[in-house]
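Q: coords below, sequence missing:
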């Protein structure tokens, strides 16, 4: 009666790990190099994370469909303070993490819109587009261009059967960490603000960009006259993936649509979670967090880059995110590498799961690539991590 559908790529790897080890990757003693979450403890030089919030009986009622005004105001203030966004709470819709916001965005596209995305991208995009049966234009992002499309690669005409184009882009990119320069981001926003064009900028790794966080909203002149969508979440920069709070910033008419969707599709997002995230966005605290996240993960990126290069990896990593994207040495495939890693209670994300053209039957050009996550790793885990990686290579 139900159409069967496989798990998203990261979870496919987690389930394989569980079958092989009888453990859940991320539990104590495991090495969760396949997973995309940050440390959920205080970073060196960073702010502490609240260990409680105060609730009263009113906080236990149904939440508002688009999100509580406290959180939406805090989000709007944040983007106005750092990016001169000129938005109000009415431009902010709240979701149960970033992925539900992305899925809702794609689900409500009109039938004459095709989706343009890079060949190597965030693995759930493949699942969403396949499930929703969207027309797709693939932008070259592979070893031949070092996973860095040119400006001309984004000059896209609608594919056959469509009339308009929506760009779907993670920036910095998951899995590669490649981020657009400010000038290229500005030009892209201008290009996709034109009639017949739109864009979703997935900014989950906003805080993790070196030398400083950035957002496409800096270059949006009047969001109400565009089909530009900015997707953010408390998951990465605010270090609370378990709160399941994300948001979409867009024209008021689009946020009204998301409110209507929430009324039947989500029923709102946990108010206690929203209140907790509102506290994380307090002005002085979020300033502290932006700097600490950027600094700590830059040091981790550089440290693991040195270690992986010494082991023979060929890296193509950019300056953002908390992943290394690289080609395995010794002609290993990612699946072979994981078989070895599982014996050490470790695992990586196979690169082919980030291939937006994969069909699950033919070999992928990314079969020998891996996404190595240093997001959840404590600073003192490095030596042991390198030992395991060395033994498995």
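A: Right, received. Where do you want to start? Everything numeric in this text was worked out from a predicted model, so none of it was measured.

Q: which residues in the stretch 101-250 of the chain form strands?
A: Assigned by DSSP state E, counting those that start in this stretch, the stretch 101-250 of the chain shows strands spanning 113-118, 136-139, 164-170, 197-202, 228-233, 246-249.

Q: okay, the ones you listed in a markdown table with mean neighbour count, distance to residue 352 and mean pLDDT next?
A: Quick note: C-beta positions are derived from backbone N, CA and C, even for glycine. Output for those, formatted as a markdown table (neighbours: other C-beta atoms under 10 Å; distance: least, C-beta to C-beta, whole Å; pLDDT from 0 to 100):
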| stretch | mean neighbour count | distance to residue 352 | mean pLDDT |
| --- | --- | --- | --- |
| strand 113-118 | 22 | 15 | 98 |
| strand 136-139 | 18 | 15 | 98 |
| strand 164-170 | 23 | 18 | 98 |
| strand 197-202 | 24 | 21 | 98 |
| strand 228-233 | 25 | 25 | 98 |
| strand 246-249 | 26 | 27 | 98 |
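
Q: and of those strands, who's closest to residue 308?
A: In terms of C-beta to C-beta, the element of the strands of the stretch 101-250 of the chain nearest to residue 308 is strand 164-170, at 21.7 Å.

Q: packing partners of that closest one?
A: strand 113-118, strand 197-202 (3 or more C-beta pairs under 8 Å, 6 or more residues apart in numbering; DSSP states H and E).

Q: partners of the first one in the sheet?
A: This means strand 113-118. Partner strands for strand 113-118, per DSSP bridges, with pairing direction: strand 136-139 (parallel), strand 164-170 (parallel).

Q: which residues touch the longest one?
A: Surrounding strand 164-170, the residues in contact under the criterion C-beta atoms under 8 Å, 6 or more residues apart in numbering are 102, 106, 109-110, 112-118, 121-122, 125, 137, 154, 156-158, 188, 192, 196-205, 227.

Q: try it again at 7 Å.
A: 109, 112-118, 121-122, 125, 156, 158, 192, 196-202, 204 (C-beta atoms under 7 Å, 6 or more residues apart in numbering).

Q: now do residue 376 against residue 7, distance only.
A: Using C-beta to C-beta, to the nearest Å, we find residue 376 at a distance of 20 Å from residue 7.

Q: same check on residue 170?
A: Relative to residue 7, and taking C-beta to C-beta, residue 170 is found at 20 Å.

Q: which stretches of this structure form helices?
A: Ranges of helices in the chain, per DSSP state H, are 9-21, 69-83, 98-107, 123-132, 182-191, 252-265, 271-280, 283-310, 334-342, 382-392.

Q: right, and those helices - which one's nearest residue 53?
A: helix 271-280 (5.1 Å).

Q: okay, angle between the closest one and helix 69-83 too, please.
A: Angle of helix 271-280 versus helix 69-83, following axes from the mean of the first three to the mean of the last three C-alpha atoms, to 10 degrees, is 30 degrees.

Q: quick one: distance of helix 271-280 to the chain centre.
A: Its chain's C-alpha centre lies 20 Å from the corresponding centre of helix 271-280 when counted by C-alpha atoms, centre = their mean, to the nearest Å.

Q: what's it packed up against?
A: Packing partners of helix 271-280 (3 or more C-beta pairs under 7 Å, 6 or more residues apart in numbering; DSSP states H and E): helix 69-83.

Q: the helix it packs on: which residues count as buried?
A: 70, 71, 72, 73, 74, 75, 76, 77, 78, 79, 82, 83 (16 or more other C-beta atoms under 10 Å).

Q: out of the residues you listed, what pair is the most spread apart?
A: 70 and 83 (20.6 Å).

Q: ok, back up a step: among the strands of the stretch 101-250 of the chain, which is nearest residue 321?
A: The nearest among the strands of the stretch 101-250 of the chain, by C-beta to C-beta, is strand 164-170 at 8.7 Å.

Q: ok so, going back, in CSV, list the buried residues of helix 69-83 along with distance to residue 27.
A: Shown next, in CSV, are those (distance: C-beta to C-beta, whole Å):
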residue, distance to residue 27
70, 34
71, 31
72, 35
73, 37
74, 33
75, 32
76, 38
77, 37
78, 33
79, 36
82, 36
83, 38
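
Q: among these, which one lies nearest to residue 223?
A: Using C-beta to C-beta, these come closest to residue 223 at residue 79, 10.2 Å.

Q: ok, the closest one - contacts?
A: Contacts of residue 79 (C-beta under 7 Å, 6+ apart): 85, 87, 215, 217, 249.

Q: what number of residues are in the vicinity of residue 190?
A: 13 (other C-beta atoms under 10 Å).

Q: ok, and the closest non-adjacent residue to it?
A: residue 219 (6.9 Å; C-beta to C-beta, 6 or more residues apart in numbering).

Q: and residue 155, by the same measure?
A: Nearest to residue 155 is residue 191, by C-beta to C-beta, 6+ apart, at 7.9 Å.

Q: what's the neighbour count on that neighbour?
A: Other residues close to residue 191 by other C-beta under 10 Å number 15.

Q: go on, the one 5 residues further on?
A: Applying other C-beta under 10 Å, we find 12 residues neighbouring residue 196.

Q: from residue 114, how far off is it?
A: From residue 196 over to residue 114 the distance is 11 Å, taken as C-beta to C-beta.

Q: do residue 2 as well
A: The value you get for residue 2 to residue 114, if C-beta to C-beta is used, is 28 Å.

Q: what's the answer for residue 197, then?
A: 11 Å.

Q: kindly report the same for residue 94.
A: 28 Å.
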